[in-house]
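Student: I need the structure of the sequence given here:
(chains A, B, C, D, E and F)
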Number of protein chains: 4
Amino acid sequence: MAETKTAQRRKAAQGIVKRRERRDTRPQEIVAAAFEEFAQHGYAGTRLEDVAARARVSKGLPYLYFKTKVELFKAVVKSVITPAFDAIRGQIEITTLPTEEFIKGPFLAFIQELVKSRRAVIARLLIGEGHKHPELTQFYFEHIVSRGLQTLQSLIDRGVARGEFRKTPLRDFPQLIIAPVLVSILWRGLFEPYRHLDTDRLLETHVNLLLDAIRAPGAKEETQ
Amino acid sequence: MAETKTAQRRKAAQGIVKRRERRDTRPQEIVAAAFEEFAQHGYAGTRLEDVAARARVSKGLPYLYFKTKVELFKAVVKSVITPAFDAIRGQIEITTLPTEEFIKGPFLAFIQELVKSRRAVIARLLIGEGHKHPELTQFYFEHIVSRGLQTLQSLIDRGVARGEFRKTPLRDFPQLIIAPVLVSILWRGLFEPYRHLDTDRLLETHVNLLLDAIRAPGAKEETQ
Amino acid sequence: MAETKTAQRRKAAQGIVKRRERRDTRPQEIVAAAFEEFAQHGYAGTRLEDVAARARVSKGLPYLYFKTKVELFKAVVKSVITPAFDAIRGQIEITTLPTEEFIKGPFLAFIQELVKSRRAVIARLLIGEGHKHPELTQFYFEHIVSRGLQTLQSLIDRGVARGEFRKTPLRDFPQLIIAPVLVSILWRGLFEPYRHLDTDRLLETHVNLLLDAIRAPGAKEETQ
Amino acid sequence: MAETKTAQRRKAAQGIVKRRERRDTRPQEIVAAAFEEFAQHGYAGTRLEDVAARARVSKGLPYLYFKTKVELFKAVVKSVITPAFDAIRGQIEITTLPTEEFIKGPFLAFIQELVKSRRAVIARLLIGEGHKHPELTQFYFEHIVSRGLQTLQSLIDRGVARGEFRKTPLRDFPQLIIAPVLVSILWRGLFEPYRHLDTDRLLETHVNLLLDAIRAPGAKEETQ
DNA sequence: AATGAATGAGGGTTCATTCAT
DNA sequence: TATGAATGAACCCTCATTCAT
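Tutor: Model prediction:
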């Protein structure tokens, strides 16, 4: 606490950080701090006081930007998740690669990175706390899940339309494409200390098997 | 509430034998009640008082059998999960069916039922709270996950040995077999209100695609 | 705090107070303590922790009996006010005295005592906080004010019916009978330090003037 | 909110003269805004931020003129009450009407209006918070109460001196003249939603009864 | 073995007040 | 003179846990 003030004064004295400048970045700083705390302790286990301390901010400040703990949590989810998914969704829509190549290339790389990224822990949070905050779940469903699945569906459809893939019920269950991603994330969060899982290879295997299963008879075979 | 008391009195009136019997099953009753509460409200959201009330027991009694809330939580996990998995594991070991038939038959039926069962919610609990209780996670890993994966591995190996399946990296990643089960469980717990998911068909599709991907060239083809 | 526990243990050791016995009186003790605190600091200015401390009880106990601060406040109002008013209301209904004599006698004595009593401060509380707690105001209105006014009205009506009083609009405004009581209470609570007010004589004067104003021409004159 | 800003800009656009003028009236504007807030939410229930917002002023500005919330509260009381009472006091001193006529006329009109006026709510505030702010109570006592009662006393004395009134103890308790005013104010603030009170007639009745009680035998009788 | 009254640490939230700009 | 971001003490309320009975 004393540190906080001391640090701020030092900075102020050095003229490094103007008050005005800080004001604009404060919400982000708080969100970032909150993300770390939520990730480590879960929603219920996170104390706003600790969030504030981590953001080097007084206990009351978070309430200036976020009305309640739940609002802060939502802000964390939004800020952490949305950008990543927007990126890959964009790629899927504009890519000119053959579908199989896209899946084995950029898509596989994306989910491999996603699984290892810091922001994957948000999934655990959602799963653990979601049912208590329906609005949050709904937001997450509409902005991430629903749109993500739709994108995957259109990816499959495109492959089928191009004669690359057989017509399979997979298009009705794009969740099957994502399932190993979730498992990878959760494994890393829970069981990694007990047994290492090579998620890169797991996801690669998944992608290859899936493609083997749906590849149209005429298309080139390329099992890993 | 009035019912509660009435019911208790009725039991009491039936004599001390019933009371004796009840005394012996108290821990189980408390665990069952705790399971329901945990399932509905999560770990942090569950009040021991409510557990006691649901078990028709005084507020202090749970502490006679479970030293803390965490201990009770562990007991719930152990009691709810273990039996179910022992069953399928046994089946896998003794079945005489061709592997593909076993997977499409009893195994598919098992995971279809599991996903819809009440006890699936425990997965959500573990995911949400597990990282805070390492011993619990470890217990869960050793008793359920590790042994489950081993069993699946041997199932794949058997299929390969019999010439039913190709040799694929799937045996190194049996998590891929289970992934859609987890997704189904979580979907039902979180997103079902927003969009229905036919988990029976999803799992059937998963199983068929997987078999398509690993079936040995000579083996009979049987896409769904 | 240490005192609390020490004191309780001493008592317990002496066998003076059995736990069971205390249980039944605890709510009343808490209400009594709350009354003192509310009276001294007003509603908003009262901290439940202080109430608990005054009742020699832990911080959390009041919540066992009263769901919120407001509920506790209501309990205070009910417990302090109702009995007193029930008493005088009963007297009015059963008295056989001539109305004027009753008013100059028991009624005057009642309001003289009321004004000086500890529980009069509740009026200040109601006035200060009432508008923020409509249910409380409504409760107070229905149980104390409305019934009190009705009783006064019937007292006037009886005097008129018996030929003791003239027919005046006073019966439509029984508030006029009570007004000096309120003023006395508030004076004592606010201005007594700056100027003493002899509320006994004030109320006596009020009663006499009022009777002078409404006494039927034939009835005996008896100005103070 | 948007309106607020718009309005401010409009004013600003009208030039610095307006701004200058506004600057000089700032304290009054803040006091006026505070009056409204205090009247609606009570002392404790009023947030300085809301006061500032209502005055279209920044959160910190009130502290430029009023050191603390209490100081602001005092300023509100002083500014709102004093003027009204000075007016009637002046009238009483210079009137040439017979005392009874003055009471039934201008005086009755004054208290009838007072009871309905916006500033009457200040009485509720004083009653609710006064005991916590002795200096405020003292100020109020000296400037309003004491002088008001003195004025009423001299009004009675004048009536007696002129032979219009009997000599009664009323002169020692001018509070009796005011009591129904207070009751009317409080009723309007607290109970009006539950039962309407015709305060005009109540006060008229009060005045008439009082005059009936003190009128000298020879003076004209004039009951309402 | 069983009860439930009682404890008290702890957390979310509010808001009067300060102060850098 | 004026702003509004920032502070931090304070308070209501919850609930895991204890313990006298």
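Student: Please pull up the helix or strand immediately following the lowest-mean-pLDDT helix or strand in chain A.
Tutor: Scoring the helices and strands of chain A by mean pLDDT, DSSP states H and E places helix A:2-14 at the bottom, with a mean of 42. Downstream of helix A:2-14, the first helix or strand assigned by DSSP states H and E is helix A:19-41.
Student: Show me what that next one is packed up against.
Tutor: helix A:48-54, helix A:62-65, helix A:69-94, helix A:121-129 (3 or more Cβ pairs under 8 Å, 6 or more residues apart in numbering or on different chains; DSSP states H and E). Every C-beta, even on glycine, is put in place using the N, C-alpha and C of the backbone.
Student: CA atoms only: put the first one into CSV for me.
Tutor: What follows is helix A:48-54, C-alpha atoms only, in CSV (Å, rounded to 0.1, in the frame of the first residue of the first chain):
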residue,chain,number,x,y,z
LEU,A,48,-11.5,-6.8,-5.7
GLU,A,49,-9.0,-5.5,-3.2
ASP,A,50,-6.4,-7.7,-4.7
VAL,A,51,-7.3,-6.6,-8.2
ALA,A,52,-6.9,-3.0,-7.2
ALA,A,53,-3.6,-3.8,-5.5
ARG,A,54,-2.3,-5.5,-8.5
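Student: do that helix and chain B meet?
Tutor: No - judged by Cβ under 8 Å from any Cβ of the partner chain, helix A:48-54 stays clear of chain B, getting no closer than 14.8 Å.
Student: Remind me what that helix packs against, helices and strands.
Tutor: Looks like helix A:48-54 contacts helix A:19-41, helix A:62-65, helix A:69-94 (3+ Cβ pairs under 8 Å, 6+ apart).
Student: try 10 Å
Tutor: On a contact count with 3 or more Cβ pairs under 10 Å, 6 or more residues apart in numbering or on different chains; DSSP states H and E, helix A:48-54 meets helix A:2-14, helix A:19-41, helix A:62-65, helix A:69-94.
Student: Equivalent analysis for the second one, please.
Tutor: Using 3+ Cβ pairs under 10 Å, 6+ apart as the contact definition, the elements that helix A:62-65 packs against are helix A:19-41, helix A:48-54, helix A:69-94.
Student: Reformat these as a markdown table; add mean neighbour count.
Tutor: As requested, those are exported to a markdown table (neighbours: other Cβ atoms under 10 Å in any protein chain shown):
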| stretch | mean neighbour count |
| --- | --- |
| helix A:19-41 | 16 |
| helix A:48-54 | 18 |
| helix A:69-94 | 17 |
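Student: Give me the below-cutoff pLDDT ranges for chain A.
Tutor: Along chain A, segments meeting pLDDT under 70 span A:1-23, A:219-224.
Student: domain ranges for it?
Tutor: Annotated domains of chain A cover A:2-65, A:71-214 [automatic domain parsing].
Student: out of these, nearest to DNA strand F?
Tutor: Closest to DNA strand F of the domains of chain A is domain A:2-65 (Cβ to the nearest atom of the strand; 1.8 Å).
Student: picking that back up, may I see the helices and strands packed on helix A:19-41 arranged in CSV, with distance to residue B:177 as well?
Tutor: Shown next, in CSV, are these (distance: least, Cβ to Cβ, whole Å):
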stretch, distance to residue B:177
helix A:48-54, 40
helix A:62-65, 44
helix A:69-94, 26
helix A:121-129, 20
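Student: give me the number of residues near the residue of chain A found nearest chain D?
Tutor: As assessed by Cβ to the nearest Cβ, chain D sits closest to residue A:64 within chain A, at 11.4 Å. By other Cβ atoms under 10 Å in any protein chain shown, 12 other residues sit near residue A:64.
Student: Is it in contact with residue A:26, as I believe?
Tutor: Yes - counting by Cβ atoms under 10 Å, residue A:64 touches residue A:26, with 8.3 Å between them.
Student: In CSV, list the helices and strands packed on helix A:62-65 along with distance to residue D:153.
Tutor: Converted to CSV, the helices and strands packed on helix A:62-65 look like this (distance: least, Cβ to Cβ, whole Å):
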stretch, distance to residue D:153
helix A:19-41, 61
helix A:48-54, 60
helix A:69-94, 61
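Student: Ok, which of those comes nearest residue B:94?
Tutor: Among the helices and strands packed on helix A:62-65, helix A:19-41 comes nearest to residue B:94, with 43.8 Å by Cβ to Cβ.
Student: dump the residue contacts of residue A:130.
Tutor: A:43, A:77, A:123, A:136-138, A:140-141, B:42, B:124, B:128, B:186, B:189-191 (Cβ atoms under 10 Å, 6 or more residues apart in numbering or on different chains).
Student: And the residues you listed, which is closest to residue A:69?
Tutor: Looking across the contacts of residue A:130 and measuring by Cβ to Cβ, the closest to residue A:69 is residue A:43, at 7.9 Å.
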